[in-house]
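Q: what follows is a predicted structure for the sequence shown.
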Amino acid sequence: MNSPRWPDLVAALMPLVHPSPDLVVRQLAEGEVDRLIGCLHRWYPALAVAEVRYMLSPDFYTSQVAFAGHAPTFAERPYVMVVAERAGELESCVLLGAEEEGRVLSGTMTVVSPAAYGRGLGGIAARTLTAVARAIGADVAYALAELDNHASRRALEAAGLMLCAVVPGSERKSSASGAVVWVAEAMYALSLAPESARTLPHAATLTPSVAALVRDLWGVEPRTTGAPEQASIGTRPTGVDAGCRLVPLRDLAAQQAAEAEGLVVLGLVPGSDRHIVHGVLAFGFDALYGPPADRTGAGAWPAQASLPPRLAALVTRVRASSEPAAAVAHRHAAA
């Protein structure tokens, strides 16, 4: 069986420029690496300390990025870089990463030239993620945004992605004092599977913490009727963060093992568990597990009042998972 390859993205990217006909959105060409890296140094000097500082290395592009006009497999070149250009000048770029042979596409990083702020390029980057995800036939598209980056969060929501997790200590950035700190990010995801093929988890295959998150985050009750689709699948890694892993909500034993290891449920990813039910393709949830906040070195958290209610509630849940039970009870009693 042949491994899936990157398709030609020209047709997928063309609609993104509307209603800005002077803007060109295209895949990075092989001979443009040095030009892009020079722009990144000017646009975002703090990129040198970020988790994705490899974007400043020519070797990353020559070994990991699929260039325009090339069609490597996702395994050979797991990334594409899409740039926005106006009047011959680069204005932004978005790095996209294919995971699980293209079944999942991540919006790894977006960088916009300060000179182009306010031109809607963040929104174009978010729509680039979903457009490319559809072009490669992905089941899920996702991206991370720092909790206090309100513009990025709004752009992702406008592109159809929904809040699904909070990941403590997933990004490095420079503080006002110049020190490098770890900060939390919100994860947003979009299921591209047909709605008719999406399945709700069965209560019999969920730990109490996962069941509570299904109710609180997605506003639905786990199924209690019919036979549970329990299976022994185990965990799998994810590009969300090196310390995180995905666990299908059909695998109760894997959820229990992750929690026994001291990992906590950070969120739920919709439509990322592709499986067959009675000969029919179906898509369920994965639980995103990761280290609790007190093990990630996460820096200061934004004030709860500065966050929208749904995000603030999830931040509270993730932060509380790091506290001893007595401390949680005391804090709730004081409130």
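A: Nice, I can see it.
Q: I figured Y79 hits E99, correct?
A: No - look at Y79 against E99 with Cβ atoms under 8 Å: they stay out of range, at 10.5 Å. Quick note: C-beta positions are derived from backbone N, CA and C, even for glycine.
Q: start to end distance for stretch 179-198?
A: Stretch 179-198 has an end-to-end distance of 45 Å (Cα to Cα, to the nearest Å).
Q: so which bits of that stretch are buried?
A: 181, 183-193, 197 (16 or more other Cβ atoms under 10 Å).
Q: and the contacts of stretch 38-58?
A: Contacts of stretch 38-58 with the rest of the structure, by Cβ atoms under 8 Å, 6 or more residues apart in numbering, involve 33-34, 37, 60, 90, 93, 95, 108-109, 111-114, 170-174, 180.
Q: could you pick out which of the residues you listed are located in strands?
A: Counting by DSSP state E, the contacts of stretch 38-58 place 90, 93, 95, 108-109, 111-112, 170-174, 180 in strands.
Q: in TSV, list the buried residues of stretch 179-198 along with distance to L246.
A: Below are these laid out as TSV (distance: Cβ to Cβ, whole Å):
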residue	distance to L246
V181	27
V183	22
A184	19
E185	17
A186	17
M187	12
Y188	16
A189	11
L190	16
S191	14
L192	17
A193	16
A197	19
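Q: what segments of the stretch 201-335 of the chain are helices?
A: Using DSSP state H, counting those that start in this stretch, the helices of the stretch 201-335 of the chain run over residues 208-218, 252-260, 309-320, 325-334.
Q: quick check: mean pLDDT of the longest one?
A: This points to helix 309-320. What helix 309-320 shows for mean pLDDT is 92.
Q: and what of the second one?
A: Averaged over helix 252-260, pLDDT sits at 96.
Q: again, but for stretch 121-138
A: 97.
Q: next, the buried residues of it.
A: Neighbour-count burial for stretch 121-138 [16+ other Cβ under 10 Å]: 121-133, 135-136, 138.
Q: from the chain's centroid, how far away is that stretch?
A: 13 Å (Cα atoms, centre = their mean, to the nearest Å).
Q: could I get that stretch in CSV with only the CA atoms?
A: Output of stretch 121-138 as CSV, limited to C-alpha atoms (Å, rounded to 0.1, in the frame of the first residue of the first chain):
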residue,chain,number,x,y,z
LEU,A,121,-3.8,37.7,8.1
GLY,A,122,-4.5,35.8,11.3
GLY,A,123,-7.9,34.9,10.0
ILE,A,124,-6.4,33.8,6.7
ALA,A,125,-3.9,31.6,8.5
ALA,A,126,-6.7,29.9,10.5
ARG,A,127,-8.7,29.3,7.2
THR,A,128,-5.5,28.0,5.6
LEU,A,129,-5.4,25.3,8.3
THR,A,130,-8.9,24.1,7.5
ALA,A,131,-8.5,24.4,3.7
VAL,A,132,-5.4,22.3,3.7
ALA,A,133,-6.9,19.8,6.1
ARG,A,134,-9.8,19.3,3.7
ALA,A,135,-7.4,19.1,0.7
ILE,A,136,-5.4,16.2,2.2
GLY,A,137,-8.5,14.4,3.5
ALA,A,138,-7.7,14.9,7.2
